[in-house]
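Asks: Would you be able to build a 3D model of this:
(one chain, ligands or ions: 1)
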Amino acid sequence: MSITQVINPATAEVIREVELVDREGTDAAIERAARAFETWRHLAPADRARLLRRFADLVDAHIPELAELEVANAGHTIGNATWEAGNVRDVVEYYAAVPERLFGRQIPVDGGVNITFAEPLGVVGVIVPWNFPMPIAAWGFAPALAAGNTVVLKPAEVTPLTAMRLGELALEAGIPEGVLTVLPGKGSVVGDRFVTHPLVRKVVFTGSTEVGKRIMAGCAEQVKNVTLELGGKNANIVFADADIAAAAAAAPAGVFDNAGQDCCSRSRLLVESAVYDDFMAALETAVSGFVCGDPRSAESDMGPLVTAAHRDSVAAYVDAAEVAFAGTCPTGPGFWFPPTVVTPPGLDAPDFTEEIFGPVLSVVRFDTEAQAVAIANDTEYGLSGSLWTRDLDRALRVSRSIEAGNLSVNSHSSVRYATPFGGYKQSGLGRELGPDAVDAFTETKNVFFATQAI
Ligand code: NAD
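Replies: Purely as a prediction, here's the structure:
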């Protein structure tokens, strides 16, 4: 077994050492999960629901602890981390309603009675990235468990602490051993084993498009179910008829929240030429008021980047770009990078086309609605986006034209646990959250009962 050092990105100090699970440990955990499945799937629906509600209550009681752990491990601001822990509670509570409502259908047929059953798949492997360690874990494990599956979950190498704590809280809530197992480890070891082990019947992967493609190809070997939530290069379109002050005030949080390490980050800003100068002046003021600082402070809007290597990758994009203006950030230890606005020389500039995953906003102008839609769709990604307009016809027209799974009109909101979330094109496959997420964790079984003619 090898050890990894978990580092606080705001101070660059080691906060804990964590043992990484190896291949044998992964196989043993998958086999335990397969045994636990036989009990968990047959638990009375009301009992499974009650255990999930207890788990949600325990998460609720531990929100401050979980939030502080995330601040230390991932550099999230205390405001964000508190929301994220609350989101885990909400998601578990929401899906706790599923066991008693996992309806099949009675379909009229000739000569008998036809019933469908929604049956669990078995062991589900959930692979989580480092950018939102808590919510993304829960979006996978909560509907999976509710439908009667058992889960093995691999957090990202650099951010394992909150997922490990959630695993402990699940046990404390009375969820049996083996039903939710958190396995800190390497993607190439633990994550890869989820793909290749025949007892894992589904893989839920959130992460880069590059790794997601490999996971999908690997799952094809065993015709294994897969849900993919991948990258994004999302457009924020500001039309001249919009409330320009509101659009400019909201733009920084739309891209710089979580230091831009958000698959839904609105990192491409498209502004109609007629209002470009006014908008940019208001945006500069808003960016200078966006506080990058100590993530433990309630005053901070964003913290550091997750690792030194990631900061270097973000810095390389900015070094090659034309910076319009930037905010400030702390100096000294920690992986800091200021909120930065760049103006690409052309629509093919790397800062405008590639997912930087940092606090970098790339701004261009457009002249017509058709041009704005064409620019927004000129990407292989299709996760989220925003548009700002006071014209309802335009809002509907453009919303229907943008090739992305999650759009907001006059806001940057992407994620609600009660509504579906996921990407078009190379941003993903399948949907998480919302009322239908559980369908992705069940097989439909059709049973026909022959009856005698009356
Ligand atoms: P990543 O693809 O490097 O890693 C994601 C996870 O996959 C990690 O747990 C990693 O250990 C694991 N992994 C790596 N190689 C693997 C392999 N060969 N087999 C199995 N597992 C493997 O991504 P990251 O850098 O951690 O996260 C950032 C990316 O995640 C960004 O591209 C971002 O857009 C994306 N993301 C998408 C969403 C979404 O919902 N669409 C949400 C958050 C992040």
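
Asks: Could you give the separation of stretch 133-148 from the chain centroid?
Replies: Here the centre of mass of C-alpha atoms in stretch 133-148, compared against the chain's by C-alpha atoms, centre = their mean, to the nearest Å, lies 12 Å away.

Asks: Buried residues, stretch 244-259. List them.
Replies: Neighbour counts using 16 or more other C-beta atoms under 10 Å place Ile244, Ala247, Ala248, Ala250, Ala251, Pro252, Gly254, Val255, Phe256, Asp257, Asn258, Ala259 of stretch 244-259 among the buried residues. In this view, the C-beta of every residue, glycine as well, is placed from N, C-alpha and C.

Asks: do you know how far the nearest residue to Val342 once chain neighbours are set aside is from the ligand?
Replies: Leaving aside its chain neighbours, Val342 sits nearest to Ala321 (4.1 Å; criterion: C-beta to C-beta, 6 or more residues apart in numbering). Per C-beta to the nearest ligand atom, to the nearest Å, Ala321 is found 19 Å from the ligand.

Asks: Ala321 contacts Phe352, correct?
Replies: No. Ala321 is not in contact with Phe352 according to C-beta atoms under 8 Å; the separation is 9.0 Å.

Asks: higher neighbour count, those two?
Replies: A count of neighbours by other C-beta atoms under 10 Å puts Phe352 above the other of Ala321 and Phe352, at 24 against 21.

Asks: if we can go back for a sec, show me the common contact partners of Ala321 and Phe352, please.
Replies: Listed as contacting both Ala321 and Phe352 by C-beta atoms under 8 Å, 6 or more residues apart in numbering are Pro344, Ser362.

Asks: How confident was the prediction at the residue nearest the centre of the chain?
Replies: Within the chain, the residue whose C-alpha comes closest to the C-alpha centroid is Ile136; the distance, by C-alpha atoms, centre = their mean, is 4.7 Å. For Ile136, the pLDDT comes out at 98.

Asks: Could I get the phi/psi values of it?
Replies: Backbone geometry at Ile136, expressed as degrees, to the nearest 10, gives phi -70, psi -30.

Asks: can you tell me the helix or strand for the residue nearest to Val342?
Replies: Secondary-structure assignment from DSSP states H and E places Ala321 in no helical or strand segment.

Asks: who in the stretch 151-300 of the chain is up against the ligand?
Replies: 154, 156-157, 187-188, 191-192, 206-208, 211, 214-215, 229-232, 263 (C-beta under 6 Å from any ligand atom).

Asks: Narrow these to those in strands?
Replies: Here DSSP state E is the test, and those give Lys154, Thr206, Glu229 as lying in strands.

Asks: tell me how far stretch 194-204 is from the chain's mean position?
Replies: Averaged over its C-alpha atoms, stretch 194-204 has a centre that lies 20 Å from its chain's centre (C-alpha atoms, centre = their mean).

Asks: Buried residues in it, which are they?
Replies: Phe194, Val195, His197, Leu199, Val200, Arg201, Lys202, Val203, Val204.

Asks: on that earlier part again, tabulate the buried residues of stretch 244-259 (a markdown table), appending secondary structure and pLDDT.
Replies: As requested, the buried residues of stretch 244-259 are arranged in a markdown table below (DSSP: H, G, I helix; E, B strand; the rest coil; pLDDT from 0 to 100):
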| residue | secondary structure | pLDDT |
| --- | --- | --- |
| Ile244 | helix | 98 |
| Ala247 | helix | 98 |
| Ala248 | helix | 98 |
| Ala250 | helix | 98 |
| Ala251 | helix | 98 |
| Pro252 | helix | 98 |
| Gly254 | helix | 98 |
| Val255 | helix | 98 |
| Phe256 | helix | 98 |
| Asp257 | helix | 98 |
| Asn258 | helix | 98 |
| Ala259 | helix | 98 |
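
Asks: Could you tell me the model confidence score at the residue of the stretch 251-400 of the chain found nearest the ligand?
Replies: Taking C-beta to the nearest ligand atom, the ligand has its nearest neighbour within the stretch 251-400 of the chain at Cys263, 3.2 Å off. Per-residue confidence at Cys263 stands at 97 (pLDDT).

Asks: ok, for Pro108, nearest residue in space, not its chain neighbours?
Replies: For Pro108, the spatially nearest residue (C-beta to C-beta, 6+ apart) is Asn114, at 7.5 Å.

Asks: Please spell out which residues along the one helix or strand the one you found maps to are buried.
Replies: The secondary structure element spanning Asn114 is strand 112-120 (assigned by DSSP H and E). Going by neighbour count (16+ other C-beta under 10 Å), the buried part of strand 112-120 is Asn114, Ala118, Glu119, Pro120.
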